[in-house]
Each structure stands twice: as structure tokens, then as C-alpha cells.
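Visitor: Provided below for reference: sequence and predicted model.
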Amino acid sequence: MLELAILGFLYDAPLHGYELRKRITALTGHVRPVAESTLYPAIKRMEKAGLLERATEPGAVAAPRHVLTLTEDGRRELRGRLAEPVQRDITDENRWFTVLAFLRHLGDPAAQVAVLRRRQDFLQSPSSFFYEGDRPVRAEELDDPFRSGMLTIARATSRAELGWLRTTIASLDEAAR
């Protein structure tokens, strides 16, 4: 998820590390804060892999800044990850939001629809946080108001997302024709 966010934000524009960290934190920080000890090793790995380049620019007031730029290999890597997200990127809400934040960079409406349909299929599969044997338990079946609340909120969120997915898929399908 971190690498996808780095690729996505650098696809938009070159950034220095501090600005990149702020943007990633704004996207995912409420769930997974981004520490420097996590971000900078990821940047170094990606730089070594040829996905991004670092250039040093003089600082306006302070020390020099390192500006990160996505390479053409980095752009291809982002588009590849967006076109074929791993299943966890589809099923985990926070990872899904990271994919969704950059899906416009995929460019091809048919490819975007394919990714959205995978999420739609996932959301339409019967599931729950709680089970009796193999059967998902519904909110109405629970005496526990807190567990019932979890399921009620999740159902409302899924319905809203499914509505958005149907509308967006129809719009992209029309654009692809």
C-alpha cells in the first residue's frame, strides 16, 4: 500500500520526501500513520529498483531538499499494479481506497471497469464479521447492539459504495464505446 501511494503521488508530480509523507498521511494516516522509518527505506528500495530518481535541490531557508521523480519504469509499475491489484487490494477497505485514489492513472476505461467490477463482486458476496458455522450472521439476528451496529454500518457503507460502483461502471462503459 505504501509503495502504491508513493508511485501514485509521484505520478502526479515530483515531490520532496516531507511533502510526499504529508500526502500519504492525509490518504492513509488515520488508519496507518506513515513514519519516516517506514517511508524512507521504501523510497530507497524503489530508487534502487529504478522506479524513482532523487535529485538534490538547494533549500530556500534550510538544508538542501531531495526531490523525488517517478521514472518511466515507475509509471509502468504503477499502471501494472492498478490494472492487476492483488486480491487484498480489492478486499481491504484501506488498501482499496489507495487503489481508488490513483485509478485514473490507468487511463483505459475498460481496464478501470475491470478493477471496479472485482470490487463490486467482492461487495456482493455474502459476508459478515460474525458467523454461525459457515453462515454469515446478519445484524437483525444479533442481541449484541454493538455487533449489530458494526454490521448495520458496514451494510450501509457497502450499499453506498455499490451504488457508486454501478453508476461509475455504466459511465466508464459508455466512454469505452
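Guide: Yep, that arrived.
Visitor: my guess is residue 50 meets residue 76, correct?
Guide: No - between residue 50 and residue 76 there is no contact under CB atoms under 8 Å: 10.5 Å. The C-beta positions use only the backbone N, C-alpha and C, and glycine is treated the same way.
Visitor: Touching, residue 11 and residue 105? I think so.
Guide: Yes - if you go by CB under 8 Å, residue 11 and residue 105 touch, sitting 5.3 Å apart.
Visitor: Find residues that contact each of the two.
Guide: Common neighbours of residue 11 and residue 105, counting by CB atoms under 8 Å, 6 or more residues apart in numbering, are residue 78.
Visitor: count of neighbours near residue 174?
Guide: 9 (other CB atoms under 10 Å).
Visitor: any idea of the pLDDT on it?
Guide: pLDDT, residue 174: 89.
Visitor: Do a quick rundown of the helices in the chain.
Guide: Ranges of helices in the chain, per DSSP state H, are 2-12, 17-28, 36-48, 72-83, 87-91, 93-102, 109-124, 145-176.
Visitor: what packs against the fourth one?
Guide: For helix 72-83, the packing partners by 3 or more CB pairs under 8 Å, 6 or more residues apart in numbering; DSSP states H and E come out as helix 2-12, helix 93-102, helix 109-124.
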